[in-house]
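Undergrad: generate coordinates for the sequence data below:
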Amino acid sequence: MPGGRLTQQERQQIALGLADGLAYAEIARRLDRPTSTVTREVMRNGGPTSYRADLAHRATEHRAHRRRQASPDGRADASSRPHGRDTQAVRDYEEVLTTVMMASGMPRMTARVMTCLTLTDSGSLTASELVQHLRVSPASVSKAITFLDEQGLVRRERTEGRRERYAVDDDVWYQSMLVSIRSLTQVVETARQGVSILGSGSPAATRLENVARFLDYVSESMLRATEQARAILHTKPLPEADTTA
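TA: Predicted structure coming up:
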């Protein structure tokens, strides 16, 4: 039923749908399930090219077993839940956000690290804290951090003990947008170099010129919107004037 756990038969139907090249939305329609349910199921179990119904079903049972062991009565003590959060709801949301980031093009481990950093109240974690939370190797975390750093999506901070902390905040997304814009600008410049090499007016040169014009317009629009958004959304309120004099 919609909203309940996927059955093994439904997972087999998902596998058949993927083999037939069906879109997630069509598979979900045939199962009478939300598209997000099918997308999340596939992405956290190997992706569309590696999804196997039997392995996915066993992995889900294993995750459920681990959760029951961690919380035998199915509930966490309210005193141990920051801000009164539902621990299981937070775990489920973490998987959803990871799936969305993977769909945007992030590798799985990179998406898990980015999600973990985003959902922590402190906004920053050390490598050892990420390893402990995600239960992965230090090398996996290091590789993910390197990718995020190249994309401008994390900020490295040095602690007093000379350990690094990795932080995400509003400015990180601003810097990441600038990285994307610089990448587009480089494509524009390279495309325009090709116009003269291929001969102005030739079909290939015309195609490159159209690419350059399109991406140039997009990059300028992105830069303008990024600067405006930062100025409007990230402006801190001014301190109130002292009227006690």
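
Undergrad: now Tyr166: which helix or strand?
TA: strand 164-167 (DSSP states H and E).

Undergrad: ok, Ile27 next?
TA: With DSSP H and E as the test, Ile27 turns up in helix 24-31.

Undergrad: could you list every helix and strand in contact with that helix?
TA: Applying 3 or more CB pairs under 8 Å, 6 or more residues apart in numbering; DSSP states H and E, we find helix 24-31 packed against helix 8-19, helix 35-43. All C-beta atoms are positioned from the backbone trio N, CA, C, and that covers glycine.

Undergrad: and the helix or strand immediately after the strand holding Tyr166 in the chain, what does it pack against?
TA: Moving toward the C-terminus from strand 164-167, the next helix or strand (DSSP H and E) is helix 170-198. Helix 170-198 is packed against strand 155-158, helix 203-233, with contacts defined by 3+ CB pairs under 8 Å, 6+ apart.

Undergrad: point out the most buried one among those.
TA: helix 203-233 (a mean of 14; mean count of other CB atoms under 10 Å).

Undergrad: so where is this protein shaky, pLDDT-wise?
TA: Along the chain, segments meeting pLDDT under 70 span 1-3, 63-81, 161, 234-245.

Undergrad: how close does Tyr166 get to Arg230?
TA: 22 Å (CB to CB, to the nearest Å).

Undergrad: dead centre of the chain: give me the residue that sits there.
TA: When CA atoms, centre = their mean is applied to the chain, the residue found nearest the centroid is Met101 (2.3 Å).

Undergrad: picking that back up, save the helices and strands packed on helix 24-31 as JSON lines, and put in mean neighbour count and distance to Val113 too.
TA: Below are those laid out as JSON lines (neighbours: other CB atoms under 10 Å; distance: least, CB to CB, whole Å):
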{"stretch": "helix 8-19", "mean neighbour count": "18", "distance to Val113": "27"}
{"stretch": "helix 35-43", "mean neighbour count": "20", "distance to Val113": "16"}
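
Undergrad: JSON lines for those, including distance to Ile181?
TA: Formatted as JSON lines, these follow (distance: least, CB to CB, whole Å):
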{"stretch": "helix 8-19", "distance to Ile181": "35"}
{"stretch": "helix 35-43", "distance to Ile181": "28"}
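
Undergrad: of all those, which lies closest to Thr49?
TA: Closest approach to Thr49 among the helices and strands packed on helix 24-31 (CB to CB): helix 8-19, 8.2 Å.

Undergrad: CA atoms only for that closest one, dumped as PDB, please.
TA: Extracted C-alpha coordinates of helix 8-19, given in PDB (Å, rounded to 0.1, in the frame of the first residue of the first chain):
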ATOM      1  CA  GLN A   8       9.900  -8.000  -2.300                       C
ATOM      2  CA  GLN A   9       7.400  -8.300  -5.200                       C
ATOM      3  CA  GLU A  10       7.400  -4.600  -5.600                       C
ATOM      4  CA  ARG A  11      11.200  -4.500  -5.700                       C
ATOM      5  CA  GLN A  12      11.100  -7.200  -8.400                       C
ATOM      6  CA  GLN A  13       8.700  -5.000 -10.400                       C
ATOM      7  CA  ILE A  14      11.100  -2.000 -10.000                       C
ATOM      8  CA  ALA A  15      14.000  -4.100 -11.300                       C
ATOM      9  CA  LEU A  16      11.900  -5.200 -14.300                       C
ATOM     10  CA  GLY A  17      10.900  -1.600 -15.000                       C
ATOM     11  CA  LEU A  18      14.500  -0.500 -14.900                       C
ATOM     12  CA  ALA A  19      15.400  -3.300 -17.300                       C
END
